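>>> turn this into a structure:
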Amino acid sequence: MPKMKTRRSIAKRFRFTAKGGLQRAHANRRHLLSHKGRKRKRLLRRPDQVDSVDARRVIPLLPYR
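Sure, this is the predicted structure:
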């Protein structure tokens, strides 16, 4: 059976956690940062967990972990 292809765009946006969950980056941290608070920008740096409903759609596109 041939190898399955990984969706490269998905592989660049998501990472698996040690327990098998999916991590993603927060939105709204690219520009227009001057009016956002220091705490808000700091919390946007941290990765966030992908919701389980969305993870079911993403995981099949990443066959090799």
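>>> which one is the most centrally placed residue in the chain nearest to, not counting chain neighbours?
Residue closest to the average C-alpha location in the chain (C-alpha atoms, centre = their mean): Arg24, at 1.9 Å. Computed as C-beta to C-beta, 6 or more residues apart in numbering, the closest residue to Arg24 that is not its neighbour in sequence is Val50, at 5.2 Å. Using the backbone N, CA and C atoms, a C-beta is placed for each residue, glycine as well.
>>> and that neighbour, how far from His35?
To His35, Val50 is 28 Å away according to C-beta to C-beta, to the nearest Å.
>>> contacts only, for the residue nearest to Arg24.
By C-beta atoms under 8 Å, 6 or more residues apart in numbering, the contact set of Val50 is 14, 21-24, 58.
>>> quick check: phi and psi on it?
When quoted as degrees, to the nearest 10, the phi and psi of Val50 stand at phi -80, psi 140.
>>> and the pLDDT at it?
Note on Val50: pLDDT of 97.
>>> would you mark the buried spots in stretch 22-33?
Buried residues in stretch 22-33, counted by 16 or more other C-beta atoms under 10 Å: 22, 24.
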